[in-house]
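Colleague: The following comprises the amino acid sequence and a computationally predicted model.
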Amino acid sequence: MATAVLSKYKLIIPSEHGSWSLTLVPFIIGAGVAAATSATPGAALGGLLCLLAVMGVFLSRQPVTLWLRITRGRGRRSQLPAARFWSLALLAAAGLAGLGLLSLGRWPVMWLALPAVAVLLLTAALTQLLGPRQLSTELIGVVGLALAAPAAYISVAGRIDALAWVLWALTAAHNVISILYVRLRIDERHNRATPQMAAWVVAAHVVCLIAAVGAALAGWLPALIALPMAVLLVRAIVIAARRPLVEDVKRFGFTEMGMGLAFAAVVIAAFAL
């Protein structure tokens, strides 16, 4: 029985492959900015424990969703033991990593535990009620994934301050425009995209660029961060105007991951300069 449950580890792999980038990029930004500006003793261990906690919560979403679906009679009951085991095991691992952070004195990170779990349960419930791949559910989810940025920042810096929330807002905005852009490209591939959808994607990029410029003028963000936002806006305008088809979905996914990592590198460099 135990072997059968453990053999179903693949059910923890998120079906939305882009969610890896939408989780890891905020984490990298939070940890990188903290390391560049205000790292404290125990920063490396704090960052590692935070990564374990973040990945535990992140990977638990799929089995938790499956568990809920089975209890509602919409899944195979043969998968219930595995879904239940991996849900509890991953959340327990995240909890143990959280206790490790507490032992390092990173207690402020606990302020993020409740909203992270709340988003996990909310998105799982909405997936059951509305069906998979609903835009509203995905937007809530990616904003929640951006909590990895302040969590990493607090774990490395050893404190919570205004910058932690600025990084959350920045990475949440980046996650939102990223998911909107990807949805547009995939919908275009399946002949579901409309000019109105393309216009909304461009408008979201414009709002994010204006917000980044405003934050820079207010002294909350380095001015350099407006540059990648501007680049992403130009890309969105070009795609909205030309509406090319995605030829290779896998290559498109890796390209988006590369863009996310490049964004993280510019953000960290902007704070380090």
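Modeller: On my side now, so go ahead.

Colleague: Downstream of the worst-scoring helix or strand of the chain on mean pLDDT, the next helix or strand is which one?
Modeller: Lowest mean confidence among the helices and strands of the chain (mean pLDDT, DSSP states H and E): helix 2-6, at a mean of 56. As assigned by DSSP states H and E, the chain's next helix or strand after helix 2-6 is helix 19-37.

Colleague: Report all helices and strands that that next one contacts.
Modeller: helix 43-71, helix 135-145, helix 148-157, helix 162-189, helix 249-272 (3 or more Cβ pairs under 8 Å, 6 or more residues apart in numbering; DSSP states H and E). (C-beta placed from N, C-alpha, C; glycine too.)

Colleague: What count of nearby residues applies to Q62?
Modeller: Using other Cβ atoms under 10 Å, Q62 has 22 neighbouring residues.

Colleague: picking up where we left off before, just the helices and strands packed on helix 19-37: most buried one?
Modeller: helix 148-157 (a mean of 30; mean count of other Cβ atoms under 10 Å).

Colleague: I'd like the average pLDDT over that one.
Modeller: Average pLDDT, helix 148-157: 94.

Colleague: can you check stretch 236-251 too?
Modeller: 89.

Colleague: can I get the helices and strands packed on helix 19-37 in TSV with distance to P14?
Modeller: Shown next, in TSV, are these (distance: least, Cβ to Cβ, whole Å):
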stretch	distance to P14
helix 43-71	6
helix 135-145	10
helix 148-157	14
helix 162-189	13
helix 249-272	12
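
Colleague: In this protein, where is pLDDT below threshold?
Modeller: For the chain, applying pLDDT under 70 flags the ranges 1-10, 15-17, 74-75, 128, 132.

Colleague: ok, 50 please
Modeller: Residue ranges of the chain with pLDDT under 50: 1.

Colleague: And the closest residue to S19 other than its chain neighbours, how close does it get to A162?
Modeller: Of all residues beyond its chain neighbours, the one nearest S19 is L145 (6.8 Å), with distances taken as Cβ to Cβ, 6 or more residues apart in numbering. Look at L145 and A162: by Cβ to Cβ, to the nearest Å, they are 21 Å apart.

Colleague: now swap in G73 and tell me
Modeller: In terms of Cβ to Cβ, G73 sits 47 Å off from A162.

Colleague: Likewise for A116?
Modeller: Using Cβ to Cβ, one gets 20 Å for the distance from A116 to A162.

Colleague: Now do stretch 59-68: distance to the chain's middle.
Modeller: 16 Å (Cα atoms, centre = their mean, to the nearest Å).

Colleague: Need the residues that contact that stretch.
Modeller: 11-15, 75, 79-80, 82-87, 90-91, 94, 120-121, 123-125, 127-128, 141 (Cβ atoms under 8 Å, 6 or more residues apart in numbering).

Colleague: Helices - which of those residues land there?
Modeller: 80, 82-87, 90-91, 94, 120-121, 123-125, 127-128, 141 (DSSP state H).

Colleague: Buried ones from the residues you listed, can you make that a PyMOL selection?
Modeller: Buried subset of the ones in helices among the contacts of stretch 59-68, written as a PyMOL selection, criterion 16 or more other Cβ atoms under 10 Å:
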select buried, resi 82+83+84+85+86+87+90+91+94+120+123+124+127+128+141
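
Colleague: Based on its surroundings, how many neighbours for L130?
Modeller: L130: 12 surrounding residues under other Cβ under 10 Å.

Colleague: Next up, the contacts around the closest residue in space to it that isn't next to it in sequence.
Modeller: Nearest non-adjacent residue to L130, counting by Cβ to Cβ, 6+ apart: T137, 6.2 Å away. By Cβ under 8 Å, 6+ apart, T137 lies in contact with T123, L126, T127, L130.

Colleague: rerun that using 6 Å as the cut-off
Modeller: T123, L126, T127 (Cβ atoms under 6 Å, 6 or more residues apart in numbering).

Colleague: For W111, the count of nearby residues, please.
Modeller: So W111, with other Cβ under 10 Å, has 13 neighbours.

Colleague: and it, how far is that from L101?
Modeller: In terms of Cβ to Cβ, W111 sits 12 Å off from L101.

Colleague: do the same with V201
Modeller: Counting by Cβ to Cβ, the gap from V201 to L101 is 37 Å.

Colleague: Could you do L122 as well?
Modeller: L122 sits 24 Å away from L101, going by Cβ to Cβ.
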